[in-house]
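> please find the sequence and the predicted model below.
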Amino acid sequence: MVRETWATRAGFILAAVGSAVGLGNIWRFPFITGQEGGAAFLLVYLGFVALIGFPAILVEFVIGRYTKLNPVGAIRELGSGAWKYVGWLFVVTGFVILSYYSVVAGWFLRYTLIGITDGYALAGPGEAEALFGGVATGLDSLLFHAVFMALVIGIIAAGVRQGIEVGVKLMVPAIIALLLGLAAYGSTLDASSAAYGYYLSPDFGVIAANWQSILPAAAGQAFFTLSLGMGVMITYASYLGEDRNLASDAGVIVTLDTLIAVIVGFVVFPFLFAAGLDPGAGGAGEIFVSLTSAFAEISGGRILGIVFFGMVGIAALSSAISILEVLVSYLIDELDVARVPAAAAVGVAIFLLGVPVTVDLIFLDLFDKLADGVLLVLGSLLLALFVGWVVPDVAREELSKGISGLGGLGDAWIWVVRIPIVIVVLVSLYLGVVDYAGFLTGDFADWLAAR
Ligand code: TRP
């Protein structure tokens, strides 16, 4: 079978940006930043993106473009022995992430609809929180989870790559424009200077005192937001021609993705401070509560809100597609299953796994902490070890295609992947596992005991 390749030169970048930009930037980034202390977290996160995220995205690109296979097949072809099984980790990770990702994406669809039917004119933050409580769990949540998964399955079953490319081309600039507009409005609020202080002036004492939680949170967020650690970027690069400059493509993707997350902070924190809400306490509802209180006040807020929530829904769709595509391309390549049944079977299984999240948000923590703190970090660690120590020559050679005069930078990259990345990611993984064990024996055990 001839493998499809990207229809246009920009197709690959658009799809990769479409995968990277999603709930990770808009929903997850602001509440994790709030939980981890604001500016202190932002600083560590930005450092991680530049020093670890960028080299790590290249790791996935070279594997994908060299082997032209799905991630499971790619690692099996290049590696031997136990490396064969690494692909399985990706499959498990994909299942876990997409199950709750779809539920959260469903909330954005629900908020779009709320804007259309009722508007966001709520009297105050108390109501905004109550509204979120009603949307997050229960029958509505289940229904919108089902709608979102059905969309993802439909797109993957049809294999409509063009659709994705066009969608991303419109959506990414529109989201940036809207966010900038909201950030500008936020800057006019009295609370904005306090919010900027919180977001932008790091207190190194906070980092020193909390590095054990900031480090794994920053690593997990960096991998999650860049779609790293489960083979998405391997899959996308597998459809790529030799002439692309992987490093500059990676630069565009990382920059855009990070820019969007950082702007979201300039939107969310002024509104939270203005409403007198604690940025550390919002959790999964942070973006919804802060923005609905904002849309209720701004003139034209209803339209803005509909457009904003709807667009985040589309952004989430282009990310979710990338996850299901990994799982489906595996079934197609390895087990010779046809595309439509593969998409349907995997999609329905993922839907079922997500159902508990619509019942109680403790399952959101159970899945999100596992995926982010453990699975993605482990996946990235194994990929770094693989490229850095098992196939460095192949990787260096592959990176140099399409780049004139890479010279010593290729070696520098291999060394960054070999040692600093491995050490930092290993430490983050250890801390993430400890944190997850603490959650299981703490909050989760308490929740179970209360049943
Ligand atoms: N990066 C996406 C976001 O920020 C989510 C995502 C898509 C993802 N594919 C992934 C996360 C693969 C981890 C692994 O919303």
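Looks like it arrived, so ask away. Residues are numbered from 1 along each chain as shown.

> quick one, what contacts residue 75?
Residues in contact with residue 75 (Cβ atoms under 8 Å, 6 or more residues apart in numbering) are 63, 83-84, 86-87, 386. Every C-beta, even on glycine, is put in place using the N, C-alpha and C of the backbone.

> what about stretch 128-138, average pLDDT?
Mean pLDDT, stretch 128-138: 93.

> ok, and what's touching that stretch?
107, 110-111, 114, 122, 140-141, 275, 284-285, 288-289, 292-293, 296, 358-361.

> can you tell if stretch 22-37 touches the ligand?
Yes. Stretch 22-37 reaches the ligand (Cβ under 6 Å from any ligand atom) through 22-25.

> low-scoring stretches of the stretch 1-150 of the chain, by residue?
1-4, 7-9, 122-125 (pLDDT under 70).

> repeat that with 80
For the stretch 1-150 of the chain, the stretches with pLDDT under 80 are 1-11, 121-126.

> next to the ligand, which bits of it? Give me the list.
19-20, 22-25, 97.

> can you lay out those residues as a markdown table showing secondary structure?
Shown next, in a markdown table, are these (DSSP: H, G, I helix; E, B strand; the rest coil):
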| residue | secondary structure |
| --- | --- |
| 19 | helix |
| 20 | helix |
| 22 | coil |
| 23 | helix |
| 24 | helix |
| 25 | helix |
| 97 | helix |
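
> out of the residues you listed, which end up buried?
19-20, 22-25, 97 (16 or more other Cβ atoms under 10 Å).

> what's the following helix or strand after the host helix or strand of residue 195?
Take DSSP states H and E as the rule and residue 195 turns out to sit in helix 192-200. Later in the chain than helix 192-200, the nearest helix or strand by DSSP H and E is helix 204-225.

> now for that next one, which elements pack on it?
helix 29-35, helix 39-48, helix 246-274, helix 376-385, helix 422-439 (3 or more Cβ pairs under 8 Å, 6 or more residues apart in numbering; DSSP states H and E).

> how about it, which residues are buried there?
Buried residues in helix 204-225 (16+ other Cβ under 10 Å): 206-207, 210, 213-225.

> and the angle for it with helix 422-439?
If you take axes from the mean of the first three to the mean of the last three Cα atoms, to 10 degrees, helix 204-225 sits at 90 degrees to helix 422-439.

> anything in helix 204-225 near the ligand?
Yes. For helix 204-225, a contact with the ligand is found by Cβ under 6 Å from any ligand atom, at 224-225.

> kindly list the longest helix within the protein.
Looking across the chain with DSSP state H, the single longest helix is helix 301-335.

> say whether the ligand is contacted by that one.
Yes. Shown here: helix 301-335 in contact with the ligand (Cβ under 6 Å from any ligand atom) through 319, 322-323.

> list of residues touching whichever helix or strand comes after that helix?
Following helix 301-335 in sequence order, the next helix or strand is helix 339-359 (DSSP H and E). Residues from elsewhere that reach helix 339-359 (Cβ under 8 Å, 6+ apart): 95-96, 98-100, 102-103, 137-138, 141-142, 145-146, 149-150, 152-153, 156-157, 159, 324, 327-328, 331-332, 363-364, 367.
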